[in-house]
Every structure is written in structure tokens, then in C-alpha cells.
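Peer 1: sequence unavailable; structure follows:
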């Protein structure tokens, strides 16, 4: 039996922070600014800590240039045991982590400087100047059934516009398995501004506890409402921690943005650990799994039926085996058994029963955030649709593409000749790039990874278009072919993403640009780069602060050509939105001084060169090589939904 083991939360395998992802923050349409990633970290120290790697002790002759005076560290584990090496000295000016002892049936509550356990210490800081005698504190109580409420208040900015955050979050310790707690989080957050923006978000989530301090460093002690506690910080996030368990306050300060999370009360509750898993199976698959599941159980889920392709856990592909073992079940995990790709239908008039679905169904488009419920027959527009029933415990769904067809027809002029390219397009084929891209709903981030995903010279429609252009340019040399294709792209209608896709920014695959018969600067630059790669040229896409251009390698630089070198290749600038600049020209307002990103497009795997100079490299089909990003991403965007 081939069983793939995964955790319903991938972070279980290592140090994990329970982040209350308080937002994808609601965004006004005119302000496509990256959402703030604010996390409230609420963690527990493990009941029985796993065996840690033993650090190598420092050599007794170890010296550091300008090291301060040496002092001793002694430990009283107070009935516990220190496993492995514990450093028993330090030099002034050094930062030294302290060991974590273990004691069966007890919780470690930190080291203290005094036997009365009144002055905590989390690490040796560079400011220590004395010998240290440390005493361990232990608690024998458990935390299952304990909860606490947190108030949240802060300020963040969308550009120059000030926004406010107010809300509450509740953390409940539901159960404890193998030394780790499962903590459920429920939050209610309001986001508003003085300009009228006002939105509220409710969210529930959960996860397993791990290190309470993570990458933070101990910086000293402080007080919260008269309670002495440790302070841990990385310069932006600061936590006030009591007994290495209770986070009394968290402050997140990243310049202008500032948010404070304060614990307001503790209380007890009766945990309900029953789990009804969220399972979806693509018809005709069936799924079997154990009954009466509880949080933290191990469980094997088995998919059966024709066409099975993969298991997905929490939206991530887990395995192509028909069985997947969840190491720790939790109530928020999402399991999905998939079977093949979408079915192509000629008509959107659909009876769900004909697709194997029963009762009322819910319908969601590829980029939709919400589902719509229908009873009876469906009448769907052309496009991709996921249709699912509400059966329990396993709901079934079907992916369909209601077909649509277009004729791509484009005439352009080159060297005094008017040329025409005409092709038949099917929506089901145009859509495949987006469907197969797990991040296809993120199209507004102008960075390396985003543009790499647009590299599609082997797309059937791109290849066919390249072949037709090659036929039109029969007899042209290397430079002439590159110029003719540039004129073809420059003649395409320039239309903003707002007009063509109702989005502030939406980077298109080249086949989508053909389908829309329009594009903006990055869409047309990507189309040209892909066409040239399909024709056997090395090309690239360049991103500036407020513009995008393409580049193409030509064997000869003629007088007046504007070029730039990158990665051992000299590219000719190719402006794709207008003929006004001429061939291979770059205005002074752009150029390498204002260039933010260069993404080379290698030669396509099926490319060949039948024009111009011979002996140039043809394609390898490899992914684009390492990229240059000298100035960062100039126009970050926000995806308001999760990737499939």
C-alpha cells in the first residue's frame, strides 16, 4: 500500500507559529497596494519537548577579538533535567541562548535569576556583567480548556492614506497531542479610514503550537499591568511573555504601521474535539476515511474511481497516490481528490443530475470568491465553472468549460506591405495556461516569478502564430523577421487592464492577449518575447517603474540601435505599444538606469531558425535562468483570494 503522509498544517514538521491571518485586507479598487500581513502569535511550550540537537561546546581556549570579561553560568533545574550541552560561561558583550530542561508531567516556565522565581531571564544579553545562577520554574497544570481574549488596535497605510484596525481575537487550547497543543483562533476585525472606507472581517482558523519565541531575541524584562515578564523582539515585533507561555502583549511596528495586541482576560471552557472533515471529490471519485475523528488523530483518506490524479490538502498538491495519511487531523483542513481536467461542453444548459450531482448545487467561476446556489437546471455563460453538490460528509464536484470560439484576425503593415494573420481560437485551449498554473489568480505582482509564469513559447496558439508569421516573412533575414514580428505586435490594440479585464493590473498569458485582441505594455511585451522565443531568438521582458518593454538578441548592432547587455547576451530594445519610437529605440526616460527587472526568455523547445544567420542556439525547453532584480518589484499587487 502506497500511503503518503502529510500534515494538515505543513508547519508541524518544524517550528511553527500560529498566525491569526487577520486579513487579506479589504482593498478599495483605486488603491491596489499590498495587504498588510499582521500575525498574532499565540503559542504554548510543549509538555514533553522533543530531543534537540546538541550544540557543539565552545573550546576552552576560544577567544574573540575585543571579547569582554568571562563569567560563569550555573543552572538549578529544580527537579528537571537538562539534556545535552548547556553552556556554563559567557563573555561580556555576547548573546547566549539558554537550554530548555525537561521534567515529566510538568511545563517549563522559564529560567529565573533568583530562587524565589521573581526575576525572569530568557537569554544572556550583551549587557550582562556578572556571574549568573539560574533557577528553573515549573508548572504542573495543563492548558487544555483554557482560553483568552485579545484586543487589537492599530494604524496602517495604503499609500499615503491612513487606515485604522480595531478588533478582538479569542484563542482556545482545544487538545494536546504528543506535547503540542491545538489552538483555535476566532477573530473579528474592523478596518476603516477617515475617507469612508469601512469593512469588517470574521475569521476562524487553528494550528499546532511550537516555539513561543521563534526568531525573536530576548531583550530584557518589562511589565504589563504590573506583571513582570520577559520581552522578546526582532526590532519590529515585540512580545511580552509571562512564564514562557502567556503572551500578554504583542506590538508590531514597521515604521508608519503600528498594531498592538493585548490580552484582556483568561477563562476556562469545555473543548469539543470532534472533527467533520471538509472533503471534496471530483465526480466519479469516492472517498473513504475513519469515522468519529478527533483533533490530532492520525487518519488515512482513500480515493477510489476512474481518472484519479492527485490529493490536495489545504489547496496544496500532496500526492498522486490514491491514499493520503493526515498525521494530525484538525477541523479546518480541506481535502480534495481530483480526477483529470475540466470537461468541455458545447452548451451551458446543464442538468446537474446528468453530471452525477444531486440536490441543490453551488457554482463558482475560476476567479470568483463566492459560490452561488442553484436549484434545478443551470444556464451558464461560456467559461470555466466548478459545480458542486452539498452532500455530506463528501461533496462532489464537476469542472466544466462551456466552450466559446473566436477568430483572431489581425492586419499590419511592414516594409510597405499589408499582411494579414487569421486563426481560429477555442476558449478551452486558451484557458489551459491559467488552469494549470497554481497561482494563476495572482496576476498583479510585477516580479520575477510572475513574469516567468508568462513564458509560454510552446503554447499551441503561440507556436501556430509564430509559424504563420514565419511564412509571411519568408525570405527575410534575421533582422527583418524580428522587425516584421515587432510591427505585428505594435499594431495590436493597446487597451488597459481596467478596460479589458476590469482589474487595475492583470498580466495576461500570450494566448489570452490573442483572445482579447488587445493588451497593455506588459502583455504586448510578453507576447513579442514569446513569439521571438518560438521563432528561435533569445528575448527578454523588461520592467520599468511605469512601463514594460521587450528585448531581442540580434547578431549585428547597426548604427542607431539601442541595446543593453545582460547575462552575456546583448538585447535590442523593442517597444511594443507604438510604432512612434521606431525599431530598436529606447527613450531617455527609460534605459538601464530606470530598469527594475529583466527576465530572459530562452529559445522555445520546438523553435528553429530558417532565416538570418545560422549556427545560433535553438531551444532546450528549459526554464528561464536566474534573474536580475536590481530595484525590486515596482508595482506590487494584492490577490484577494487564495490560489487553487
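Peer 2: Right, received. Where do you want to start? Just so it is clear, the model here is predicted, and its values are computed rather than measured. Numbers count the residues shown, from 1 in each chain.

Peer 1: could I get the contacting residues of the nearest residue in space to residue 493 that is not next to it in sequence?
Peer 2: Leaving aside its chain neighbours, residue 493 sits nearest to residue 518 (4.3 Å; criterion: C-beta to C-beta, 6 or more residues apart in numbering). Using the backbone N, CA and C atoms, a C-beta is placed for each residue, glycine as well. Contacts for residue 518 (C-beta atoms under 8 Å, 6 or more residues apart in numbering) come out as 492, 493, 494, 495, 500.

Peer 1: any idea which of the residues you listed is closest to residue 548?
Peer 2: residue 494 (12.0 Å; C-beta to C-beta).

Peer 1: tell me, how many residues neighbour the residue lying closest to the closest one once chain neighbours are set aside?
Peer 2: In space, residue 494 comes closest to residue 577 once its chain neighbours are excluded; the distance is 5.1 Å by C-beta to C-beta, 6+ apart. If you count neighbours by other C-beta atoms under 10 Å, residue 577 ends up with 20.

Peer 1: now residue 577: which helix or strand?
Peer 2: Element membership for residue 577 (DSSP states H and E) is empty, with no helix or strand holding it.

Peer 1: any figure for the gap between it and residue 537?
Peer 2: 20 Å (C-beta to C-beta, to the nearest Å).

Peer 1: for the helix or strand containing residue 598, name the packing helices and strands.
Peer 2: Counting by DSSP H and E, the element that carries residue 598 is strand 595-601. Applying 3 or more C-beta pairs under 8 Å, 6 or more residues apart in numbering; DSSP states H and E, we find strand 595-601 packed against helix 448-453, helix 521-534, strand 539-544, strand 563-566.

Peer 1: export these to TSV and tack on mean neighbour count and mean pLDDT?
Peer 2: Formatted as TSV, these follow (neighbours: other C-beta atoms under 10 Å; pLDDT from 0 to 100):
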stretch	mean neighbour count	mean pLDDT
helix 448-453	18	92
helix 521-534	28	97
strand 539-544	26	95
strand 563-566	14	94
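
Peer 1: okay, those in a markdown table with distance to residue 400 next?
Peer 2: Output for the helices and strands packed on strand 595-601, formatted as a markdown table (distance: least, C-beta to C-beta, whole Å):
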| stretch | distance to residue 400 |
| --- | --- |
| helix 448-453 | 25 |
| helix 521-534 | 27 |
| strand 539-544 | 34 |
| strand 563-566 | 44 |
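
Peer 1: what are the contacting residues of stretch 477-489?
Peer 2: 410, 412-415, 419, 421, 469-470, 472-473, 476, 524, 527-528, 531-532, 535, 537, 552, 554-556, 558, 572, 574, 576, 579, 583, 609, 611-613.

Peer 1: hmm, try it at 6 Å
Peer 2: By C-beta atoms under 6 Å, 6 or more residues apart in numbering, the surrounding residues in contact with stretch 477-489 are 412, 414, 469, 473, 524, 527-528, 531, 552, 554, 574, 576, 583, 611-613.

Peer 1: highest neighbour count among the residues you listed?
Peer 2: Of these, with other C-beta under 10 Å as the count, residue 574 tops at 30 neighbours.

Peer 1: show me the contacts for it.
Peer 2: Counting by C-beta under 6 Å, 6+ apart, residue 574 touches 486, 528, 550, 552.

Peer 1: any weak-confidence spans in this structure?
Peer 2: By pLDDT under 70, the weakly predicted segments of the chain are 1-67, 141, 179, 210-211, 606-644.

Peer 1: where is the longest strand in it?
Peer 2: With secondary structure taken from DSSP state E, the chain has its longest strand at strand 161-177.

Peer 1: what's the angle between the helix or strand that that strand is followed by and strand 161-177?
Peer 2: Tracing the chain past strand 161-177, the next element assigned as helix or strand by DSSP H and E is strand 180-193. Strand 180-193 and strand 161-177 are oriented at 170 degrees to each other (axes from the mean of the first three to the mean of the last three C-alpha atoms, to 10 degrees).

Peer 1: relative to strand 539-544, how tilted is the strand holding residue 598?
Peer 2: Using the same axes, to 10 degrees: strand 595-601 against strand 539-544 is 160 degrees.

Peer 1: strand 595-601: how far from the chain's middle?
Peer 2: Centroid separation for strand 595-601 versus its chain: 22 Å, with C-alpha atoms, centre = their mean, to the nearest Å.

Peer 1: and for stretch 173-184?
Peer 2: 26 Å.

Peer 1: and stretch 361-368, by the same measure?
Peer 2: Averaged C-alpha coordinates place stretch 361-368 at 22 Å from its chain's average position (C-alpha atoms, centre = their mean).

Peer 1: quick check: buried residues in that stretch?
Peer 2: For stretch 361-368, burial by neighbour count (16 or more other C-beta atoms under 10 Å) applies to 361, 362, 363, 364, 366, 367.

Peer 1: OK, contacts around residue 106?
Peer 2: 138, 140.

Peer 1: any idea how far residue 550 is from it?
Peer 2: Taking C-beta to C-beta, one finds residue 106 at 65 Å from residue 550.

Peer 1: next: residue 425.
Peer 2: Using C-beta to C-beta, we find residue 425 at a distance of 22 Å from residue 550.

Peer 1: okay, the angle between the strand holding residue 598 and helix 521-534?
Peer 2: Using the same axes, to 10 degrees: strand 595-601 against helix 521-534 is 30 degrees.

Peer 1: list the contacts of the helix or strand that contains residue 511.
Peer 2: For residue 511, the host element (DSSP H and E) is helix 510-516. Contact partners of helix 510-516, identified using C-beta under 6 Å, 6+ apart, comprise 408, 425, 430, 456, 459, 461-462, 500, 519, 523, 526-527, 530.

Peer 1: okay, the residue lying farthest from the centre of the chain and residue 484: tell me how far apart.
Peer 2: The outermost residue of the chain relative to its centre, with distances by C-alpha atoms, centre = their mean, is residue 416 at 48.8 Å. Using C-beta to C-beta, residue 416 is found at 12 Å from residue 484.

Peer 1: residue 361 is in contact with residue 352, correct?
Peer 2: Yes. Here residue 352 lies in contact with residue 361, judged by C-beta atoms under 6 Å, at a distance of 4.7 Å.

Peer 1: run through the helices of this structure in chain order.
Peer 2: For the chain, applying DSSP state H gives helices covering 427-430, 432-436, 448-453, 460-472, 478-490, 497-501, 510-516, 521-534.

Peer 1: and of the ones you listed, who's closest to residue 313?
Peer 2: Going by C-beta to C-beta, the one of the helices of the chain nearest residue 313 is helix 432-436, 19.2 Å.

Peer 1: got the buried residues for that closest one?
Peer 2: Neighbour counts over helix 432-436 (16+ other C-beta under 10 Å) mark 432, 433, 434, 435 as buried.

Peer 1: quick one, what contacts the second one?
Peer 2: Put plainly, it is residue 433. Counting by C-beta under 6 Å, 6+ apart, residue 433 makes contact with 456, 509.

Peer 1: apply 7 Å and report the result again.
Peer 2: By C-beta atoms under 7 Å, 6 or more residues apart in numbering, the residues touching residue 433 are 456, 459, 509, 511.

Peer 1: and if you look at the last one?
Peer 2: Applying C-beta under 7 Å, 6+ apart, one finds that residue 435 lies in contact with 341, 342.

Peer 1: quick check: it vs residue 427, distance?
Peer 2: With distances taken as C-beta to C-beta, residue 435 is found 11 Å from residue 427.

Peer 1: now swap in residue 436 and tell me
Peer 2: Using C-beta to C-beta, residue 436 is found at 15 Å from residue 427.

Peer 1: alright, I will stop here.
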